[in-house]
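Visitor: I'll drop the sequence and a predicted model, then ask my questions.
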Amino acid sequence: MGRAEVGTPKYIANKMKAKGLQRLRWYCQVCEKQCRDENGFRCHTQSESHVRQMLIIGENPQRKIAEYSEQFKRDFVSLLKSSHGEKKINFNKFYQEYIADRNHIHMNATRWVSLSEFVKYLGDQGICKVEIDPGKEGGYTIAYIDNSPESIKRRDLAHKRERGDKDDLEQEQKQLERQVKKAKMESEELKKRKTKEGESEENKSESEDAKYTKELQRDGTQPIKLALSFGKKPTATATATPKRLKLK
């Protein structure tokens with residue numbers, strides 16, 4: 001049974017059925033054909049056109065795999081750069097965005113066996129910044145690294161501006177520390193001055209008291225001192241009645 005002609009209802013129905021993603025194992029990258037089930041894929045692999053393409057690739061399979069790998073990497077990085085720039089994104093989430101185009105290069109046609117191997121390759125080559133994703137989605141986060149001259153110049157200017165702001169902040173902090181130190185020194189000097197003034201006033205008061213005492217001594221009016229002393233208790237003999245004198 002031949003293919004449906006373009007514009008016929010059967011052709012439109014087939015296009016509607018093929019819309020969207022299908023099973024990856026039923027996709028032929030060589031012929032760029034997506035089959036809807038296993039039977040259709042088996043029939044396609046037995047077709048004359050597919051066998052002819054496989055014979056051509058069989059002459060140098062490594063070269064074809066390298067071409068697919070390079071195109072897969074180029075399309076992947078180009079979409080990452082245009083859609084997210086240098087922002088971080090979960091790798092699995094972005095891969096779903098990449099394969100949303102049913103005509104993309106599939107990973108099973110490249111030299112990378114798994115997504116983990118491919119994301120590690122991007123990190124090792126310095127193409128993307130790869131980190132472990134601590135969020136709910138898990139896996140890895142990737143961020144495109146723009147190494148173009150314009151981007152490098154922009155980053156240098158940003159670093160210089162950041163260093164300038166940091167130097168200004170350090171100078172402000174040093175100036176503030178100097179002001180605080182100066183205020184502390186002035187406060188200590190003020191305390192010392194007040195202490196000396198208090199001691200000098202006390203010494204002045206004591207000197208005035210001493211001067212007043214000397215003036216009193218000079219005038220003969222010395223302070224009166226009271227000394228109380230109690231005598232001994234009289235004895236029995238001392239208190240006895242004196243003897244009467246005999247009159248002749």
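Guide: Nice, thanks for sending it over. Everything quoted here is computed from the prediction, not taken from an experiment.
Visitor: Quick check: next helix or strand after the least confident helix or strand in the chain by mean pLDDT?
Guide: Every helix and strand of the chain was ranked by mean pLDDT, DSSP states H and E. The lowest is helix 9-18, at a mean of 67. Going down the chain from helix 9-18, the next helix or strand is strand 27-28, by DSSP states H and E.
Visitor: next one: the following helix or strand past that following strand to chain centre, how far?
Guide: Once the chain leaves strand 27-28, the next helix or strand it forms, by DSSP H and E, is strand 33-34. Relative to its chain's centre, strand 33-34 lies at 47 Å (Cα atoms, centre = their mean, to the nearest Å).
Visitor: elements contacting strand 33-34?
Guide: Strand 33-34 sits against strand 27-28, with contacts defined as 3 or more Cβ pairs under 8 Å, 6 or more residues apart in numbering; DSSP states H and E. Where C-beta positions appear, they are placed from N, C-alpha and C, glycine not excepted.
Visitor: mean confidence score for the strand it packs on?
Guide: In this model, strand 27-28 has an average pLDDT of 82.
Visitor: quick one: that strand to chain centroid distance?
Guide: Relative to its parent chain, strand 27-28 has a centroid offset of 45 Å by Cα atoms, centre = their mean.
Visitor: Within the sheet, what are the partner strands of that strand, with directions?
Guide: strand 33-34 (antiparallel) (DSSP bridges).
Visitor: Do me a favour and average the pLDDT over whichever helix or strand comes after the partner strand.
Guide: Next helix or strand after strand 33-34 toward the C-terminus (DSSP H and E): helix 38-45. Summarised as a single mean, pLDDT over helix 38-45 is 88.
Visitor: Which residues are in contact with Val130?
Guide: 91, 119-120, 122-123, 140-142 (Cβ atoms under 8 Å, 6 or more residues apart in numbering).
Visitor: Just these: which are in helices?
Guide: Counting by DSSP state H, the contacts of Val130 place 91, 119-120, 122-123 in helices.
Visitor: ok, so of these, who is nearest Thr8?
Guide: For the ones in helices among the contacts of Val130, the closest approach to Thr8 (Cβ to Cβ) belongs to Phe91, at 42.1 Å.
Visitor: if I read this right, that closest one contacts Glu137, doesn't it?
Guide: No: in this structure, Phe91 is not within contact of Glu137 by Cβ atoms under 8 Å, at 9.1 Å.
Visitor: Going by how many neighbours each has, rank those two and give me the top one.
Guide: Each of Phe91 and Glu137 has its neighbours counted (other Cβ atoms under 10 Å); Phe91 has more, 22 against 13.
Visitor: quick one: the helices in the protein?
Guide: Counting by DSSP H, the helices of the chain are 9-18, 38-45, 48-58, 61-84, 91-98, 115-124, 149-219.
Visitor: for the fourth one, packing partners?
Guide: Which is helix 61-84. Right, helix 61-84 is packed against helix 91-98, strand 140-144 by 3+ Cβ pairs under 8 Å, 6+ apart.
Visitor: Quick one: work out the angle between the longest one and strand 140-144.
Guide: Using axes from the mean of the first three to the mean of the last three Cα atoms, to 10 degrees, the interaxial angle of helix 91-98 with respect to strand 140-144 works out to 60 degrees.
Visitor: List the buried residues for helix 91-98?
Guide: Residues of helix 91-98 classed as buried: 91, 94-95, 98 (neighbour count, 16 or more other Cβ atoms under 10 Å).
Visitor: per-domain residue ranges of this protein.
Guide: Structural domains assigned to the chain are 8-59, 62-147, following automatic domain parsing.
Visitor: Can you give me the end-to-end span of the longest one?
Guide: The reference is to domain 62-147. 29 Å (Cα to Cα, to the nearest Å).
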